[in-house]
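here is my input, please return the structure:
(chains A and B)
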Amino acid sequence: MLRKTTDSRRGNGLAYNRREEAGMAHPQRDDRGTLDSLIGAWRTGDALRAAAHFVVDGEYGEAGDAPIVGRDALVAHFTRFFRDGPRWRFDVDDVIVEGDRACVVYRFAVEGAGAVWRERAGCAIVKFDSSGAIAAWREYEG
Amino acid sequence: MNLHHEDLSIHVHVYGGMSVFELTGSLDIATSPTVRASLVEASERGDHKLIVDLTKVDFLDSTGLGALIGAQRRAKEFGGDVRLVVKEGQILRLLRITGLLKVLSVYPTLDDAVSDGVRVGDL
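Here you go, the predicted structure:
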């Protein structure tokens, strides 16, 4: 489990990923595991843990919107969505990892008025930094 | 083999010893299930080295990308590869913008794809 930290060098008080916290090299990156963990954090509504998968100045861009930059902003965004947003589902159909990139093929559904679910399909292109943390998550739909 | 959908046709032939899926039309939410099924069928036959020729595709959306990415994921699981042939234009711009040129194997010509020659990202 990731922990909070007050180390000012970490800027916003959020921990990096576990490998970074331990000050270890990254001989065995597990980019697929990182993605699974991020999506797991989203599904449990854990904004802090979700944002901790990103580098401190990481970018998260939803389709058609300007990217949100920085871990603090990501925590705020995820927190708002989990607190105020509609019920939602995020289903992953495929993940491919190649070098420092990955592509997540997904379906995202939200519950609208009358309990009608609306689903969109898209791809998220993910870029990792050298430590295996997420530098950018950008969604493409349409 | 030929498959026809209202907005897309798939012509499958062998070139240079590889199965080539030559698509013509739009690869979008309406047609990508047909393409996905065709590529899954090839995988189930044990054909894991495929070429998808997109030079005659005029539109590609995120569901089409998903079908191609799924095919690549399946192929890699069996040590294979899905090679895309894409000419300069809207589809190549999309692959560049999304960063997928670093994820997928993209070639400018069918001959380059067969010979695993120069990739678009290398140009």
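
residue contacts, the closest residue to A:Asp93 other than its chain neighbours?
Nearest residue to A:Asp93, sequence neighbours excluded (CB to CB, 6 or more residues apart in numbering or on different chains): A:Val105, at 4.5 Å. C-betas here are computed from N, CA, C, even on glycine. Contacts for A:Val105 (CB atoms under 8 Å, 6 or more residues apart in numbering or on different chains) come out as A:92-95, A:121-123, B:65-66, B:69-70.

A:Val95 against A:Cys103, yeah?
Yes. Contact status for A:Val95 versus A:Cys103: in contact at 7.2 Å, counting by CB atoms under 8 Å.

neighbour count winner among the two?
Higher neighbour count among A:Val95 and A:Cys103: A:Cys103, with 28 against 20, using other CB atoms under 10 Å in any protein chain shown.

in which helix or strand would I find A:Asp65?
Counting by DSSP states H and E, no helix or strand carries A:Asp65.

what residues does chain A put near chain B?
For chain A, the contact set with chain B under CB under 8 Å from any CB of the partner chain comprises A:93-96, A:98-103, A:105, A:121-123, A:125, A:127, A:138, A:140-142.

which among the residues you listed end up buried?
Buried by 16 or more other CB atoms under 10 Å in any protein chain shown: A:93-96, A:100-103, A:105, A:121-123, A:125, A:127, A:138, A:140-141, out of the residues of chain A next to chain B.

can you tell me the closest non-neighbouring residue to A:Trp42?
Per CB to CB, 6+ apart, closest to A:Trp42 is A:Ala50, 5.4 Å.

what about the one you found, neighbour count?
Neighbour tally, A:Ala50, other CB under 10 Å: 24.

for it, what are its contacts?
A:38, A:41-42, A:74, A:78.

doesn't it fall inside a helix?
Yes. Counting by DSSP: H, G, I helix; E, B strand; the rest coil, A:Ala50 is found in a helix.
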